[in-house]
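J.: let me see the structure of the following:
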Amino acid sequence: MGTQPNDPFHDYGQGYPSPPQGPQSNDGKGLALAGLILGIIALVLFWLPLINFLSLLLALVGLGLSIASLVMVRRRGSAQGLSVAAVVVSAVALVAAILATVLWSALFNAVDEEVDTPLSPATAPATVSPTPAPADTSTATPTPTSGQGQTSEAPAFPGAEDSDAVGLAGEALALGDVTVTSTPLTDGDSTLRPTLCTTATLQNNSDETIDFNIFDWKLQSPSGTIRNSTALGTDNSLSSGEVAPGGTATGDVCFDNDAAQTGQFVVLYEPIFSFFSDRGAWINDL
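T.: Below is the predicted model:
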């Protein structure tokens, strides 16, 4: 009698079937999936400052896992789609993270150098030469002082910068295509608190409309404190607006003087939206 086809012992002599290969092939897919997830996370976070360092690390680890997965699936002849996708995403994330790190580092270094740049020390004691006799303003216009940095004759003050255009109170300073004048400081309205005021004049010599704002003005006190302007102290405030080509804007700019100090005051003019690089400074000895 022959062996029946459905005999349970029919294949006994041929040995047991090979164990399933699923768990071995899943190892490569698991690495590919992990690498893909890390690459996606790195790709999402690479542009954030400081966090981009974590993105760089994630992309590097993800690329390593993805490459290991690709090698494994190629040896087993399995599908390579997931592994290839993981390698591509992780590689793109790594390149993006490196570029972002370089750009952010350059930006932070530039800002740090700007903040740490020391102010030019005063080249002479805080003394002011005797004020010359005033010119006849009814027939003569003061000649603007160029804003190409301090000259040896310009009065010095603590915190002066190389590019400052410095003059005595009442002098006209040429700042780019704009001529700016600040009159000597006088006591303003002290109904609410003591103030010091100057009358500012801006003459637009350019071919374009320029902006002006009361907040472009500051006052450095004898103690070195730099105060912003205030809306108090006058009924004729410079306020804010625009000056057409060839036009002029005039108004008062006032500052708090709570300490009622005496000594060297410096009126500073530096536009928020600068149309020139120079800063104007007028020395007042009160």
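J.: low-confidence stretches in the chain?
T.: Within the chain, the stretches with pLDDT under 70 are 1-27, 112-154, 273-277.
J.: tell me, what residue is most central in the chain?
T.: Val111 (6.6 Å; C-alpha atoms, centre = their mean).
J.: where does it fall, secondary structure wise?
T.: helix 81-116 (DSSP states H and E).
J.: likewise Arg74?
T.: Judged by DSSP H and E, Arg74 forms part of helix 51-76.
J.: now do that helix: which elements does it pack against?
T.: helix 22-45, helix 81-116 (3 or more C-beta pairs under 8 Å, 6 or more residues apart in numbering; DSSP states H and E). For every residue, glycine as well, the C-beta is placed using N, CA and C.
J.: give me whichever of these is most buried.
T.: When the helices and strands packed on helix 51-76 are scored by mean count of other C-beta atoms under 10 Å, the highest mean neighbour count falls to helix 22-45 (a mean of 18).
J.: could you check the angle it makes with helix 51-76?
T.: 150 degrees (axes from the mean of the first three to the mean of the last three C-alpha atoms, to 10 degrees).
J.: need the helices and strands packed on helix 51-76 in a markdown table (columns: distance to Arg74).
T.: Converted to a markdown table, the helices and strands packed on helix 51-76 look like this (distance: least, C-beta to C-beta, whole Å):
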| stretch | distance to Arg74 |
| --- | --- |
| helix 22-45 | 9 |
| helix 81-116 | 8 |
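J.: my guess is Gly170 contacts Thr183. True?
T.: Yes: in this structure, Gly170 is within contact of Thr183 by C-beta atoms under 8 Å, at 5.5 Å.
J.: that older thread, for the helix holding Val111, which helices and strands make contact with it?
T.: helix 22-45, helix 51-76.
J.: any chance of those helices in a markdown table, with distance to Phe265 too?
T.: Listed next are the helices and strands packed on helix 81-116 as a markdown table, based on distance: least, C-beta to C-beta, whole Å:
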| stretch | distance to Phe265 |
| --- | --- |
| helix 22-45 | 50 |
| helix 51-76 | 46 |
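J.: what's the closest of the ones you listed to Thr179?
T.: Among these, helix 51-76 comes nearest to Thr179, with 47.0 Å by C-beta to C-beta.
J.: now that closest one and helix 81-116, what's the angle there?
T.: Using the same axes, to 10 degrees, helix 51-76 lies at 160 degrees relative to helix 81-116.
J.: great, nothing more from me.
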